[in-house]
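Chemist: just coords:
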C-alpha cells in the first residue's frame, strides 16, 4: 500500500492545475498523493507571477518548502524576507525555501537542476497538463509528424518581448526572404503548444532567443523548435551542450556578429545536403536524454533528500 503524501502548490502561473502537473504525477508513482491546502507535508511554490503571495500563510508551518521556477532566477535558501528581483520586465518575489528545483548549475545538496524543457515531455502519459497544453512523448522527440512535414516556408520567429536583438535579427533575415513572426509584437498569437507546433512545422528555420544568457537557462524554446521539425537558430550560452546535442541547431552565440550569422544561414538555406545534415541530428546526443533528467532520478532526490 502506498504512503499518503499531503502536498500543495501556491504562487504558480495562471491556470496551473494542482492535480495535473509534473510534480503531482511524479510523486504519485510512489505515494498516494493528496492535495491538502491546510496541512501539507510538502509545499511547492514558484515566483508568484504577480499574484497574491499565498506562500506567506505557510511561513511558520512545519511543511518542507520547495521552490520551483523555469525563470532565470536563483533560489533563496537563506533570507527569511522574500527577495525582489527585476528580470525581463517582470518583478519576481523569491521566498525562502528548504529545497529547490531550478535551471541553475548550483553546487548545493538542497538543489536539483530541472530546466523547464523537462516539463514539456509526456513522461506520465497525460498528453496535457492544461498549461503546458501539449506534451510530447519521449519516443516521438526525433520522429513525429511535425518533423516529417514538408518545409515550404523560410523562417519563423516566436516571441512576446521585442528586445533589440530580436528585432535586429528579424529585420536582417527579412532582407533575404520572408520571415513570419508570431507573438505580441506581430499581433499573431500561437494558442498553446500544439498550435505552436502546427504553425512551425512547415518552416525550415525558426529563431528562438532565451530571455537571458545564463549557464543552464534553457526553457522550452529549443525543445519546441527542434521537435517541430525546424532548424533552430538559438540564442543561448556555450554550456547548452550539457543538455542538448549542439550539432542539431545554430547557436547565435557562436558568431561575432549578426552579419556573420546571416551569411551562414544563407549558405545552409541554399544547400539541401547541409540543411538536412542539421535536421538529421537528434535533439539529444546519441538520442538519449541524460539520466539526471529522467523522472526516476528526480524522484530519487525527493525520496533520499527531501523526504528523508
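Modeler: All right, it came through fine. As the structure is a computational prediction, the values presented were derived from the model and not from experiment.
Chemist: ok, residue 17 - contacts?
Modeler: 129, 130, 131 (Cβ atoms under 8 Å, 6 or more residues apart in numbering). C-beta: built from backbone N, CA, C; applies to glycine.
Chemist: Mind telling me what element it is part of?
Modeler: Using DSSP states H and E, residue 17 maps to neither a helix nor a strand.
Chemist: That one and residue 165: what is the separation?
Modeler: 34 Å (Cβ to Cβ, to the nearest Å).
Chemist: One more: residue 61?
Modeler: 43 Å.
Chemist: And the contacts of residue 17, which of them are buried?
Modeler: residue 129 (16 or more other Cβ atoms under 10 Å).
Chemist: Among the contacts of residue 17, which are located in helices?
Modeler: With DSSP state H as the criterion, helices contain none of those.
Chemist: Just the closest of the contacts of residue 17 to residue 73, please.
Modeler: Set against residue 73, the nearest of the contacts of residue 17 by Cβ to Cβ is residue 131 (19.5 Å).
Chemist: Just give me the neighbour total for residue 151.
Modeler: By other Cβ atoms under 10 Å, the residues close to residue 151 number 15.
Chemist: quick one: contacts for residue 150?
Modeler: Taking Cβ under 8 Å, 6+ apart, we find residue 150 in contact with residue 202.
Chemist: Tell me, please, where in the stretch 51-200 of the chain the pLDDT is lower than the cut-off.
Modeler: Scanning the stretch 51-200 of the chain for pLDDT under 70 picks out 51-52, 86-90.
Chemist: got the residue ranges for the strands in it?
Modeler: 64-68, 83-87, 90-94, 99-102, 111-113, 153-158, 179-182 (DSSP state E, counting those that start in this stretch).
Chemist: Highest mean neighbour count out of the ones you listed?
Modeler: strand 99-102 (a mean of 24; mean count of other Cβ atoms under 10 Å).
Chemist: Which strands and helices lie in contact with it?
Modeler: For strand 99-102, the elements it packs on are strand 64-68, strand 111-113, judged by 3 or more Cβ pairs under 8 Å, 6 or more residues apart in numbering; DSSP states H and E.
Chemist: Now distance to residue 12 too, for those strands, in a markdown table please.
Modeler: Shown next, in a markdown table, are the helices and strands packed on strand 99-102 (distance: least, Cβ to Cβ, whole Å):
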| stretch | distance to residue 12 |
| --- | --- |
| strand 64-68 | 8 |
| strand 111-113 | 18 |
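Chemist: I'd like to know which of the ones you listed lies nearest to residue 207.
Modeler: Here strand 111-113 is closest among these (Cβ to Cβ), at 26.1 Å.
Chemist: any chance of the contacts of residue 17 in TSV, plus distance to residue 254?
Modeler: Shown next, in TSV, are the contacts of residue 17 (distance: Cβ to Cβ, whole Å):
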residue	distance to residue 254
129	34
130	37
131	33
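Chemist: could you measure residue 44 against residue 9, distance?
Modeler: Counting by Cβ to Cβ, the gap from residue 44 to residue 9 is 5 Å.
Chemist: Kind regards, and thank you for your time.
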